[in-house]
Each structure stands twice: as C-alpha cells, then as structure tokens.
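Colleague: Model the structure of this input:
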Amino acid sequence: MSLMNDFVSRTLKPFLIVFGLATCGTLPFAIDIKLITPLLGGLVDYTPSSVP
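Modeller: Numbers count the residues shown, from 1 in each chain. Presented below is the predicted three-dimensional model:
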C-alpha cells in the first residue's frame, strides 16, 4: 500500500491540483457568461439559444 501512496503523491497529485485549478477557473464563466466578452476583447457575442 505504501508503494501506491508514493506513486499517487509523486505523479497524480500535481495533475489533480492543476486540473482542479483549471476547473475552478472556468466556474465564473459558467456563472456569468458576460465575463468572457471583455476578456476576449469583445470578439465573442453571447446570445441565448432561444433567440432566432
């Protein structure tokens, strides 16, 4: 079991931290889509799917 714990702590833990931060970093855009427009310099225009 110690071998498995060493493997996880040395290899998988940094990836889990990086991907966790990447996931948390995108949450503000999921909450408020208008945040992405100023970030990209106004190139992205968001319209709801119900608008023809």
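Colleague: CA-only coordinates of stretch 27-40, as CSV, when you get a sec.
Modeller: Taking Å, rounded to 0.1, in the frame of the first residue of the first chain, the C-alpha atoms of stretch 27-40 are listed here in CSV:
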residue,chain,number,x,y,z
LEU,A,27,-16.6,28.5,-12.9
PRO,A,28,-17.0,32.3,-13.1
PHE,A,29,-17.7,32.0,-16.8
ALA,A,30,-20.3,29.3,-16.2
ILE,A,31,-22.0,31.5,-13.6
ASP,A,32,-21.9,34.8,-15.6
ILE,A,33,-21.2,34.4,-19.4
LYS,A,34,-20.8,38.2,-19.8
LEU,A,35,-17.4,37.9,-18.1
ILE,A,36,-15.9,36.3,-21.1
THR,A,37,-16.7,39.1,-23.6
PRO,A,38,-14.3,41.7,-22.0
LEU,A,39,-11.7,39.0,-21.6
LEU,A,40,-11.6,38.3,-25.3
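Colleague: Mind pulling the model confidence for L16?
Modeller: For L16, the pLDDT comes out at 88.
Colleague: Ok, G42 next?
Modeller: 67.
Colleague: what secondary structure does G41 sit in?
Modeller: coil (DSSP: H, G, I helix; E, B strand; the rest coil).
Colleague: can you tell me how far it sits from L21?
Modeller: Taking CB to CB, to the nearest Å as the measure, G41 falls 24 Å from L21. (Glycine included, C-beta is placed from N, CA and C.)
Colleague: Three-state assignment for the residue most central in space within the chain, please.
Modeller: The residue lying closest to the centre of the chain (CA atoms, centre = their mean) is T23, at 2.8 Å. In three-state terms, and counting by three-state DSSP, T23 is helix.
Colleague: What strand or helix carries P28?
Modeller: helix 13-31 (DSSP states H and E).
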